[in-house]
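Enquirer: Just a sequence and a predicted model for now, questions to come.
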Amino acid sequence: MKKLFIILLIFSTFIFPDEKIKIKYDMTFANSGGIPGPLFDSKGKKFYGGSPENEGVTGNYMGRGFFTFDEENRKIYLNTRGGEFYEIDADKGIVLKVKSLYFSEGLVSDEKFIYSINGDKIQRIYKESLDYFDDFVKLPSPRKMVLKDNVLFVANFENGKWQLKKFNTETKEVIPFSSPPSINSAEMCIDEKGRLWTIWDEKNIKVYDSNSGNKLLELNLEKDKFNPKPKEFGDIFVRKNLIYIWDWEYLYSFPLNDLSKGKIILGGGNELLNSFPQKTYGRHSQIYVDDDGDIYISFGIGFSFFARYPTVYGGKQYPKWFINFSDTIGFNIDNKGNLWTSVRLGGVICYDGKTAIPLIRIPGIGGYGSDILCDEKGNKFICGIGDHGSLIDVITDDYTVKSSEMIEKTSFTSIAKDELFIYVTSNKNCISKFIDDMPPEWQQDILPQGLTLNRPSGLEVDDRFLYVSDTENKRIIKFEKYSPFKVQWISEGFFEGPCDLSLYKDYLFVCDYKKNKIIVLDKNTGSLISEIGETGKHGDKPITYKFNSPRYLKIIETDNQVYLYVSDNLQGVRRFKVEFLK
């Protein structure tokens with residue numbers, strides 16, 4: 001019995017180590033993108049717009065977002081493919097509230113409720129709390145809604161055809177109505193005069209009286225005198241006799257009484273839109289124009305952001321604010337103590353290291369986003385991932401951008417640097433070595449003989465050794481960084497999805513995105529020292545000691561205080577104070 005007790009004690013010590021490292025939440029720097037601060041034109045060396053007085057925002061916005069606008073209270077309610085409902089301050093672009101419910105196929109709102117399409121139901125959600133209230137109505141295949149003066153219009157597919165139904169929102173009763181024959185699942189809106197505007201087959205706009213269902217007029221892209229001419233009709237919004245048309249690449253406005261005097265409002269020279277492959281990803285967008293003429297756009301699949309633009313004709317149009325809900329990918333701390341983040345398809349964003357206020361955004365670099373590294377000279381190195389390969393983008397201290405040659409058919413996942421070389425992991429399952437120059441120059445791929453990596457996604461380097469997360473093989477490997485690259489140790493049995501690494505003295509900190517923990521190893525032996533964190537859930541408020549798929553981390557010491565920075569899917573980049581227990 002005594003032997004069994006000793007065996008169980010040894011086993012529990014191995015599997016469940018004593019807590020030797022504690023963390024205490026300090027502050028949040030970047031919540032999944034955040035407000036950009038001033039945009040920086042790296043060629044013209046100029047800053048444009050931005051709202052540096054505003055704080056960051058939170059969210060994990062992947063895919064199209066439907067939204068509804070409460071102009072009286074200046075609030076926007078946005079729902080995303082991740083299932084989160086967001087309440088957003090329309091003037092400042094700040095997220096005020098988040099609630100996880102489900103993904104909606106459409107939203108409208110009145111004074112009290114948000115009406116949301118969920119499968120074959122239209123459900124009501126309290127605006128004040130974002131809590132579910134009731135099932136307003138159930139009907140086959142609802143797809144689009146508009147709301148005007150307590151009357152809800154719903155387009156649905158029933159008995160083999162699309163039709164439009166009307167409901168009284170106070171009584172839930174069906175209002176007798178002769179449905180227009182040319183209603184399908186495409187976009188529609190209702191203007192101040194009660195005219196219902198619909199898009200049909202991307203080439204025709206048909207307008208109906210919302211009371212009688214009678215057709216009032218029809219506009220044809222090929223026959224009518226649209227100038228400039230959209231490629232097709234995508235989304236539509238009508239206000240004050242101006243027709244706003246989004247053709248997935250440009251946003252146009254046309255006076256209803258003279259279609260030949262249209263103007264391009266957004267697109268072309270738009271700095272923010274040019275940061276994204278808009279022809280591919282601009283589809284599945286939604287537009288809204290407020291009473292002042294400001295434009296609100298929810299952009300769709302692949303990258304995801306929500307923006308407010310002033311109505312400006314010609315030249316470059318910069319947003320009054322935008323919320324980039326795409327994932328914060330990699331991040332690092334520069335020589336001034338500021339935090340730089342690489343945002344998926346959103347360039348890089350720098351945050352003030354003391355106030356967490358966004359200082360600068362440089363669009364158009366980094367591609368799909370990956371790891372980022374800062375050196376003592378003030379240079380920032382970003383793993384840029386594109387459709388055809390990867391490269392290293394370098395931002396100098398004066399914000400000049402230089403790029404290495406592209407390595408085709410590769411995806412860089414992590415980056416580390418010593419005095420002479422830059423090292424990156426990639427989907428080639430090896431470590432690529434670059435000469436530290438301007439721009440970096442590829443030298444060779446390195447890997448210890450007999451060692452096989454499977455999707456490595458974390459890398460660190462010291463004066464003699466490289467440390468790599470062999471993610472799919474669930475292990476960490478330490479080996480000499482010079483030929484013959486002799487392996488020192490392999491640490492396994494503690495991990496489920498190890499990714500980013502960060503060294504501090506004799507400690508090696510490891511992100512485990514599947515285990516939702518930060519795992520700490522002895523860098524000399526590979527033995528387990530401590531595990532930090534628990535599985536987190538996303539609610540109204542972040543739980544500051546829990547992680548949700550942590551991907552990147554960095555540990556630094558400043559003014560005799562050790563800080564741990566961690567980014568995860570739902571809570572952005574957070575900073576923790578670290579205490580090492582004796």
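Expert: Great, that's in hand.
Enquirer: Look up how far residue 412 lies from the closest residue to residue 447 other than its chain neighbours.
Expert: Counting by CB to CB, 6 or more residues apart in numbering, the nearest residue to residue 447 once its immediate chain neighbours are dropped is residue 430, at 4.6 Å. The way it works is simple: take the backbone N, C-alpha and C, and place the C-beta from them, glycine included. Note on residue 430: its distance to residue 412, by CB to CB, to the nearest Å, is 12 Å.
Enquirer: Neighbour count: these two, which is higher?
Expert: Ranked by neighbour count (other CB atoms under 10 Å), residue 430 and residue 412 place residue 412 first, with 23 against 19.
Enquirer: For residue 290, see how far away residue 252 is.
Expert: Taking CB to CB, one finds residue 252 at 18 Å from residue 290.
Enquirer: So if I had to pick from the two, which one is more boxed in?
Expert: Taking other CB under 10 Å, residue 252 and residue 290 do not tie; residue 252 has more neighbours (22 against 15).
Enquirer: in the sheet, who's paired with the more buried one?
Expert: residue 245, residue 264 (DSSP bridges).
Enquirer: check contacts around it.
Expert: Residue 252 makes contact with 226, 228, 230, 244-246, 262-265, according to CB atoms under 8 Å, 6 or more residues apart in numbering.
Enquirer: how about 7 Å then?
Expert: Counting by CB atoms under 7 Å, 6 or more residues apart in numbering, residue 252 touches 228, 230, 245, 262-265.
Enquirer: for the protein, what spans make up the helices?
Expert: 2-15, 278-281 (DSSP state H).
Enquirer: Isn't residue 239 up against residue 289?
Expert: Yes: Residue 239 is within contact range of residue 289, at 5.1 Å (criterion: CB atoms under 7 Å).
Enquirer: Among the two, which residue is more densely surrounded?
Expert: residue 289 (21 against 16).
Enquirer: what's the closest non-adjacent residue to residue 376?
Expert: With CB to CB, 6+ apart, the residue lying closest to residue 376 is residue 335, at 5.4 Å.
Enquirer: burial count for that neighbour?
Expert: Residue 335, neighbours per other CB under 10 Å, totals 12.
Enquirer: Also residue 507?
Expert: Using other CB under 10 Å, residue 507 has 19 other residues around it.
Enquirer: OK, contacts around it?
Expert: Residue 507 is in contact with 520, 523, 529, counting by CB under 7 Å, 6+ apart.
Enquirer: Narrow those to those in strands?
Expert: Among those, the residues falling in strands (DSSP state E) are 520, 529.
Enquirer: how about JSON lines for the contacts of residue 507, with distance to residue 74, neighbour count and pLDDT added?
Expert: Formatted as JSON lines, the contacts of residue 507 follow (distance: CB to CB, whole Å; neighbours: other CB atoms under 10 Å; pLDDT from 0 to 100):
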{"residue": "520", "distance to residue 74": "46", "neighbour count": "24", "pLDDT": "95"}
{"residue": "523", "distance to residue 74": "52", "neighbour count": "25", "pLDDT": "95"}
{"residue": "529", "distance to residue 74": "51", "neighbour count": "19", "pLDDT": "93"}
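Enquirer: Which of the contacts of residue 507 sits closest to residue 21?
Expert: Relative to residue 21, the closest of the contacts of residue 507 is residue 520; by CB to CB it sits at 5.7 Å.
Enquirer: which ones are touching that closest one?
Expert: Residue 520 touches 21, 507, 509, 529-530, counting by CB under 7 Å, 6+ apart.
Enquirer: what's the answer for residue 203, then?
Expert: 220-222, 232-233.
Enquirer: any idea how far residue 179 is from it?
Expert: 22 Å.
Enquirer: How many neighbouring residues does residue 212 have?
Expert: Neighbours of residue 212 under the rule other CB under 10 Å: 11.
Enquirer: per-residue pLDDT, the nearest residue to it once chain neighbours are set aside?
Expert: Spatial nearest neighbour of residue 212, excluding adjacent residues (CB to CB, 6+ apart): residue 178 at 6.9 Å. We have a pLDDT of 85 for residue 178.
Enquirer: so residue 178 touches residue 213, yeah?
Expert: Yes: contact criterion CB under 7 Å: residue 178 and residue 213 qualify, at 4.1 Å.
Enquirer: out of these two, which sits in the busier spot?
Expert: Applying other CB under 10 Å to residue 178 and residue 213 shows that residue 213 carries more neighbours, namely 16 against 10.
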